[in-house]
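Peer 1: everything below, folded, please.
(2 chains)
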Amino acid sequence: MLLALRGVDKRFGDTLALSDITVSLDGRAVGLLGPNGAGKTTLMRILLGLSSPSQGDVEVLGIDVRARPYEARARLGYAAEGPQRIPGLTGVESVAYAAELCGLGRRPALLRAHELLDLVNLGDARDRRVETYSTGMHQRIKVAMALAHDPALLLLDEPTTGLDPDSRDELLELLVSLRDGGGPALLLSTHLLHDVERTCDRCMILEAGALRFAGSLGELRRPNPQHYDVRIDGSEEARGRFVDTLVGTGATVERGRRAGVLDVHLVAPDPRVLWSAAETSGVRLWHLEPRAPSLEEAFLATISAEARAGTGPGGQP
Amino acid sequence: MKDRVIEVGYRRLPEIQAGPGHAARTIARWALTLAWRKRATKISLAACAMVAMGHALGIVVVVLLEAAGTFGGSTPLAAMSLNVDRIVGNTQEVLSSFVSAQTYFTVIALAVIGGGLIAEDRRYGAFDLYFARALRRRDYLLGKLLAAGAIPALTIALPFVLLWLLAVGIAPSTLRLSLLWLFVPGLIGALVTSAVLTATLLGASALGERGRTIGVVFVFGWLLLSAVGESLASNGLATAGYLSPARDVATMMEALLDAGPASAAAAALELRGSVNPSALLSTLSLLGFASLGLAVLVGRLRREVGG
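Peer 2: Next comes the predicted model:
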């Protein structure tokens, strides 16, 4: 089991940062999704044992983090959000230092550092001081440092924030290659849905400290039996009647993503309403398909209206 | 033969077994490696080396004159050297004044080298890099103490030992015996001074986020405290002298080495400042400064690093 949390609360004074989180997740790559302030970083720090939950049990890779935090951390790699660095060190020195801190000897650490810099595509910048690195290079060196001791689970906190599209693409490609190439399992905290869609097979959705969803992406995007893509054939007048009939049942009808397709959201999961409306309005149903939402739609459907109001296009708050 | 570049990809590692103290040694070594890259480090250490060499010269002069007094019989040189203690001082005085003088230069070296040891880690968020690993607070603390402690060990304790060896090495056998006993108390004094400097610097470093600012504040604070203590003590408030770390170091060293009254040369060159009435209270005062520094450091780490 990658991680198991039971009844985890975290309070900062009067503020409840995490509320009764109970979840068990396995898999190669888990996305931790949520708007800003949802409690993602707090949860990550609890998983690392850097912050203690106010109550509840936390197990990571089968290790009780509260009882054995150092043992847990020895098997975890963490790339925190922000430009953390040790100034003055070059890229290869930073990774070698990280490896040595985890117990590797000087030469094995240096060898590991060179390997990882090649892996994260920083080979050409290995002898440059880290303070001269761009944001994208910083993110990659942090991943390399987190991988230095070969962790079983790599925790990444907003790794693509502030990256240009090319750098972001490269980093996501690296994460996919780790996931598929025998690297550590991933726990990716982000508010960018695309990142999760591309790299993860499972996800957790947090909102205002509460767990809204935990499961596979397939489950999250399971077709909604109240939501249909409908293509009809008939006169303009008949089509209008069809829409009016459906609206009369309380359904919402919008123009769909594809031309000529209607996006129908029924009041109840009963498609017979559609057949009945077609019959009464004199149109032929050409196409009827339960609608699988995009990740963005599924995410928006999962979180509350208040959180949605603060979420911009593309699911980016 | 051409180099062959082979892409390894992601390689799994066998289980890592680190020995005790490995992380602390690693932190100290990298901190010192980084410090050595700064030109200011080399300059400040060179200044410390000059102080040590000046005192080495003093040791040679004093010991040779003492030796001449011992073996010279009725020669004019022997007659002159009978009063050598009162004129140029003795080995104890040189060793004592070395530690006192070197303390000032070490304060500067420490400020240059170690001002950012904790502060820069805070400034650049490096705590996350350290403590997201299986690293305990005590490993980090020990590593930083080792790094900072290496400076006074190198500038005060080690040269003290070398100066003592020089004195013992060139002294005639009759004089050598009287110099042998200086080693242990002198080294204890040098180590206490080193510990005080190390702990107070790290305490100061834990309070800020910019190494350079911390360095300036540390030197300024040391000088200000010493000057204020000295001034108040010389104006009748004797207990205020214990607030002056420089005066405390001088008092402790002179008592430990039994340096006696100041020689004419030392008085002329102002090599020996005034001292406090009680060596014990001065030592306790120094240990108080060290404890305060450590308390600030530990408190900061506890606040910033959970788990």
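Peer 1: helix, strand or coil for the residue of chain B found nearest chain A?
Peer 2: The nearest approach of chain B to chain A comes at B:A18, 2.9 Å away (C-beta to the nearest C-beta). All C-beta spots, glycine's among them, are computed from the backbone N, C-alpha and C. Classification of B:A18 by DSSP: H, G, I helix; E, B strand; the rest coil places it in coil.
Peer 1: which residues touch it?
Peer 2: Neighbour list for B:A18: A:102-104 [criterion: C-beta atoms under 8 Å, 6 or more residues apart in numbering or on different chains].
Peer 1: looking at those residues, which has the most residues close by?
Peer 2: When neighbours are counted by other C-beta atoms under 10 Å in any protein chain shown, A:C102 leads the contacts of B:A18 with 26 neighbours.
Peer 1: can you classify the nearest residue to it once chain neighbours are set aside by secondary structure?
Peer 2: The shortest distance from A:C102 to any non-neighbouring residue, by C-beta to C-beta, 6 or more residues apart in numbering or on different chains, is to A:H149 (3.5 Å). Secondary structure assignment for A:H149 (three-state DSSP): coil.
Peer 1: pull the longest helix from chain B.
Peer 2: helix B:39-71 (DSSP state H).
Peer 1: quick one: is that one near chain A?
Peer 2: No. Using C-beta under 8 Å from any C-beta of the partner chain, helix B:39-71 never reaches chain A; the gap is at least 11.8 Å.
Peer 1: B:R138: how many residues sit nearby?
Peer 2: 12.
Peer 1: that one: which element?
Peer 2: helix B:137-152 (DSSP states H and E).
Peer 1: what's the first helix or strand after that helix?
Peer 2: Counting by DSSP H and E, what follows helix B:137-152 is helix B:158-170.
Peer 1: residues of that following helix that come out buried?
Peer 2: Across helix B:158-170, burial judged by 16 or more other C-beta atoms under 10 Å in any protein chain shown covers B:159-160, B:163-164, B:166-168.
Peer 1: swap in stretch B:219-232?
Peer 2: For stretch B:219-232, by 16+ other C-beta under 10 Å, it's B:219, B:222, B:225-226, B:229-230, B:232.
Peer 1: what's the answer for stretch B:274-292, then?
Peer 2: For stretch B:274-292, a neighbour-count test (16+ other C-beta under 10 Å) marks B:275-276, B:278-279, B:281-283, B:285-286, B:288-290 as buried.
Peer 1: check what contacts that stretch and list those residues.
Peer 2: Contacts for stretch B:274-292 (C-beta under 8 Å, 6+ apart): B:192-193, B:195-196, B:198-200, B:203, B:230, B:233-234, B:238, B:241-243, B:245, B:247-252, B:254-256.
Peer 1: at 6 Å what do you get?
Peer 2: For stretch B:274-292, the external contacting residues (C-beta atoms under 6 Å, 6 or more residues apart in numbering or on different chains) are B:195-196, B:199-200, B:241-242, B:245, B:247-248, B:250-252, B:254-255.
Peer 1: pLDDT averaged over that stretch - what is it?
Peer 2: Average pLDDT, stretch B:274-292: 95.
Peer 1: just stretch A:73-82 next, same as before
Peer 2: 93.
Peer 1: that one near chain B at all?
Peer 2: Yes. Against chain B, stretch A:73-82 shows contacts by C-beta under 6 Å from any C-beta of the partner chain at A:73-74, A:78, A:80, A:82.
Peer 1: residue ranges with poor pLDDT in the stretch 1-150 of chain B?
Peer 2: By pLDDT under 70, the low-scoring segments of the stretch 1-150 of chain B are B:1-8, B:69-89.
Peer 1: which positions in it make contact with chain A?
Peer 2: B:8, B:10, B:12-13, B:16, B:18, B:23, B:26, B:30, B:34, B:124-126, B:128-129, B:132-135.
Peer 1: list the buried residues of the helix holding B:R138.
Peer 2: B:137, B:139-152.
Peer 1: now the angle from it to helix B:158-170?
Peer 2: 50 degrees (axes from the mean of the first three to the mean of the last three C-alpha atoms, to 10 degrees).
Peer 1: which residues are in contact with helix B:137-152?
Peer 2: Contacts for helix B:137-152 (C-beta under 6 Å, 6+ apart): B:23-24, B:27-28, B:31-32, B:106, B:109-110, B:113-114, B:117, B:130, B:194, B:197-198, B:201-202, B:301, B:305.
Peer 1: in helices, which of those residues appear?
Peer 2: Here DSSP H is the test, and the contacts of helix B:137-152 give B:23-24, B:27-28, B:31-32, B:106, B:109-110, B:113-114, B:117, B:130, B:194, B:197-198, B:201-202, B:301 as lying in helices.
Peer 1: just the closest residue of the stretch 51-200 of chain A to chain B, please.
Peer 2: Proximity of the stretch 51-200 of chain A to chain B (C-beta to the nearest C-beta) peaks at A:G103, 2.9 Å away.
Peer 1: are we agreed that that residue is in a strand?
Peer 2: No. Looking at A:G103 with three-state DSSP, it is coil, so not inside a strand.
Peer 1: would A:N36 count as being in a helix?
Peer 2: No. The assignment for A:N36 (three-state DSSP) gives coil, which keeps it out of a helix.
Peer 1: what about it, distance to A:F299?
Peer 2: Noted for A:N36: a distance of 14 Å to A:F299, by C-beta to C-beta, to the nearest Å.
Peer 1: neighbour-wise, which of those two wins?
Peer 2: Taking neighbours as other C-beta under 10 Å, A:N36 and A:F299 compare with A:F299 leading, 27 against 13.
Peer 1: distance check, that one against A:C203.
Peer 2: Applying C-beta to C-beta, the value for A:F299 to A:C203 is 9 Å.
Peer 1: and chain A, what are its domains?
Peer 2: Following automatic domain parsing, chain A resolves into domains at A:3-220, A:224-291.
Peer 1: circling back: how far away from the center of its chain is the longest helix of chain B?
Peer 2: Distance, stretch centre to chain centre, for helix B:39-71: 16 Å (C-alpha atoms, centre = their mean, to the nearest Å).
Peer 1: now it: buried residues?
Peer 2: B:41, B:44-45, B:47-48, B:51-52, B:55-56, B:58-59, B:62-63, B:65-69.
Peer 1: could you do stretch B:182-195 as well?
Peer 2: So for stretch B:182-195, counting by 16+ other C-beta under 10 Å, buried means B:182-183, B:185-186, B:189-195.
Peer 1: inside helices: which ones of those residues?
Peer 2: Those of the buried residues of stretch B:182-195 mapping onto helices are B:183, B:185-186, B:189-195, per DSSP H.
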